[in-house]
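Undergrad: sequence and computational prediction follow.
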Amino acid sequence: MNIAIISDLHCMHSKSQSDGDSWLISDNMRKPTNQHPVQSLIDFITKEKIKVDILLCAGDITNKTDPQGLVTGWAFLEELRDNLFAEHLIATLGNHDVDSRNIYNKYDHLDMPRKLKSNFPFNFKNERKSYIAN
């Protein structure tokens, strides 16, 4: 079994960016490819013909709970999964992925991850319900 592990994407929108917060900006163009971390990685995966069974993400998909960063960061992970021909994409939440300071929802710090997509943070329906609920 081959497993690829990625973490700390810290994806965010350019309007949320401060100096040096992140290299992965959700609204950056893909060219030149060497200036876009995900496109550069996809180019490497394609060139080296890398294939894995599982892509694991160890958290911090977004930066400072940036909603656009979470949406785009998950889409980037799905794109990486597809380019790696991985059967599964499995993620866990990092501290930047939850609204612990209640900036966007003062009652539910897991509101954004719960609403992201039906396959977040993995596509095992029963386990996903339990993970997001608890």
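TA: That came through, no problem.

Undergrad: and the gap between Ser16 and Leu9?
TA: Distance, Ser16 to Leu9, using Cβ to Cβ, to the nearest Å: 14 Å. Where you see a C-beta, it was placed from the backbone N, CA and C, and this is true even at glycine.

Undergrad: what's next to stretch 41-51, contact-wise?
TA: 2, 4, 33, 79-80, 83-86 (Cβ atoms under 8 Å, 6 or more residues apart in numbering).

Undergrad: and Ser16 and Leu9? which has more neighbours close in?
TA: Per other Cβ atoms under 10 Å, whichever of Ser16 and Leu9 has more neighbours is Leu9, with 28 against 18.

Undergrad: thought that one was touching Leu24?
TA: Yes. In terms of Cβ atoms under 8 Å, Leu9 counts as a neighbour of Leu24; the distance is 5.4 Å.

Undergrad: joint contacts of these two?
TA: The contact lists of Leu9 and Leu24 share 73, 76, where a contact means Cβ under 8 Å, 6+ apart.
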